[in-house]
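please find the sequence and the predicted model below.
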Amino acid sequence: MDKATIVSDLHRLYVGLTGLQVSLNMAREVDWGRWLQWRKPPFTADDLRAVVAHIRRGIRDGARNPGALKFRNLIGMPDYFEEDLAEAMARSRAPRIDAGRTAALEAAGRDPKPAPNPERSAAEVLSSKAFQEFCKLKDNL
């Protein structure tokens with residue numbers, strides 16, 4: 001497949017994934033060319049799908065700005081794209097909450113979520129019984 005066809009297909013995919021109707025002009029063809037040459041092996045259509053999905057999740061969660069899907073931000077800056085791709089891949093490898101484990105813990109009467117570590121002031125820590133015992137143990141060594 002020639003480069004012009006690849007660029008055209010990728011641009012059509014970008015428009016379909018983002019819903020942003022931007023024309024494929026000479027400047028964007030140059031940006032696609034840089035995007036394709038940014039690294040070896042080159043970015044792929046699957047990479048584009050993964051990054052757009054990752055950014056959409058971030059937008060939905062309020063962590064990302066919808067402007068992240070703009071052509072100049074997503075394709076025009078391949079270094080940013082590479083970082084977003086790394087985040088998307090890391091997130092896909094992150095452990096998921098196991099529904100079976102949660103159900104088993106709840107059935108056993110145990111809380112499936114670990115208790116948060118409460119913040120304490122230095123005065124509370126220094127006056128705690130555990131700290132006092134630690135100091136005695138340290139002095140006896």
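Here it is on my side, so go on.

SS state for the residue nearest to the spatial centre of the chain?
Computing the C-alpha centroid of the chain and ranking residues by Cα atoms, centre = their mean puts Glu87 first, at 3.9 Å. What DSSP: H, G, I helix; E, B strand; the rest coil gives for Glu87 is helix.

please name the nearest non-neighbouring residue to it.
His54 (6.3 Å; Cβ to Cβ, 6 or more residues apart in numbering). C-beta coordinates here come from the backbone N, C-alpha and C atoms, glycine included.

and that neighbour, what does it touch?
Listed by Cβ atoms under 8 Å, 6 or more residues apart in numbering, the contact set of His54 reads 84, 87-88, 91.

quick one: which of these has the most company?
For the contacts of His54, neighbours were counted using other Cβ atoms under 10 Å, and Asp84 has the most, 22 neighbours in all.

how about the nearest residue to that residue, chain neighbours excluded?
Val51 (4.7 Å).

returning to that earlier point: so the residue nearest to Glu87 is in which element?
Following DSSP states H and E, one finds His54 within helix 45-61.
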